[in-house]
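> Have a look; sequence and predicted model below, questions after that.
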There are 2 protein chains.
Amino acid sequence: MPDILHRVGIKSSANEVYKALSTRDGLAAWWTDTTKGESKVGGVIQFTFHSDGSELGGFDMKVLELAPGKRVLWQVMAGPEEWIGTRVSFDLKQGEGLTELLFKHEGWKEPVEFMHHCSTKWATYLVSLKELVETGKGRPNPRDLRIHIRD
Amino acid sequence: MPDILHRVGIKSSANEVYKALSTRDGLAAWWTDTTKGESKVGGVIQFTFHSDGSELGGFDMKVLELAPGKRVLWQVMAGPEEWIGTRVSFDLKQGEGLTELLFKHEGWKEPVEFMHHCSTKWATYLVSLKELVETGKGRPNPRDLRIHIRD
């Protein structure tokens, strides 16, 4: 099965990156402003997306793993059909002055065009996460970088 | 085998996007400033990358297909070991006021960490291509967005 894979280096500690991945306020500051729910193992986080005032849909993620400074794993419970049951993981490795983030969105049944789109969008949001942790300011939806198809 | 997949929508005609993918000047304006060689079927294009004045390496691409307004296909002849023999394709579909670009970098043997990196970097360069075609100004290497691991 095809996966979406990404990697970014973030000039900060793994604990700081983990905070942005494991708290509602952190997630809202790089992925989408309208993040609701509870980031705790077994909890569900609701991410919804907007463009020009209208709702575009979103994803409900069940939190499967929270390993401080190391790993966050979610499973998609609701959202676009192609996403249901897929898993999203963030793995952190701290180096000297830099934390390496390995991202994987796995479990796609087919490499549909929407998957191509999501791959590009994930990259832009991971750059937003990097900017948030390094500068204090991310670019979450609805201020995200538009790539102009289905967003 | 795992593939890198992306999609962007570009507010322009497929012919304009094709120009940026099929000419040396076009390629140099969104991927890397130091693009050499000939973009013709059977020709080889040399892309090299720099950071802070030192060369990071690069890729030699053999042009396999040039279908005006539709498709560009390259095969990697030289570069990092993981890239040799892989293929990079750009497929264009013109819609109303928007051209859809589907990108694929296929033939990776393993989903190594470097592949994660290249996936994220390709996304940033495709955004650079989009900006070039829409605004006249891209962000090719060495003015590209740094993601701070192996770049």
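Looks like it came in fine.
> ok, now which ones touch the residue nearest in space to the middle of chain A?
Nearest to the geometric centre of chain A sits residue A:31, at 6.0 Å (Cα atoms, centre = their mean). Listed by Cβ atoms under 8 Å, 6 or more residues apart in numbering or on different chains, the contact set of residue A:31 reads A:47, A:125, A:128, A:129, A:140, A:141. Every C-beta, even on glycine, is put in place using the N, C-alpha and C of the backbone.
> And the residue of chain A most remote from its centre, its phi and psi?
Relative to the centre of chain A, the most outlying C-alpha is that of residue A:96, 24.2 Å out, by Cα atoms, centre = their mean. Note on residue A:96: its backbone torsions stand at phi -80, psi 110 [degrees, to the nearest 10].
> Check it and give its pLDDT.
You'll see residue A:96 listed with a pLDDT of 92.
> Also the one 4 residues further on?
Residue A:100 is assigned 98 on the pLDDT scale.
> from memory it sits against residue A:6, does it?
No: at 11.3 Å, residue A:100 does not count as touching residue A:6 under the criterion of Cβ atoms under 8 Å.
> quick one: which of those two has more around it?
Set residue A:100 next to residue A:6 and count neighbours by other Cβ atoms under 10 Å in any protein chain shown: residue A:6 wins out with 27 against 20.
> can I get the CA coordinates of the strand or helix carrying the more buried one in CSV?
Element membership for residue A:6, per DSSP states H and E: strand A:4-10. C-alpha atoms of strand A:4-10 as CSV (Å, rounded to 0.1, in the frame of the first residue of the first chain):
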residue,chain,number,x,y,z
ILE,A,4,2.9,9.5,2.2
LEU,A,5,6.4,10.1,3.6
HIS,A,6,8.1,13.3,4.7
ARG,A,7,11.0,14.5,6.7
VAL,A,8,12.0,17.9,8.1
GLY,A,9,14.7,19.1,10.4
ILE,A,10,13.6,21.6,13.1
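> partner strands of it, parallel or antiparallel?
Strand A:4-10 pairs in its sheet with strand A:99-106 (antiparallel), by DSSP bridges.
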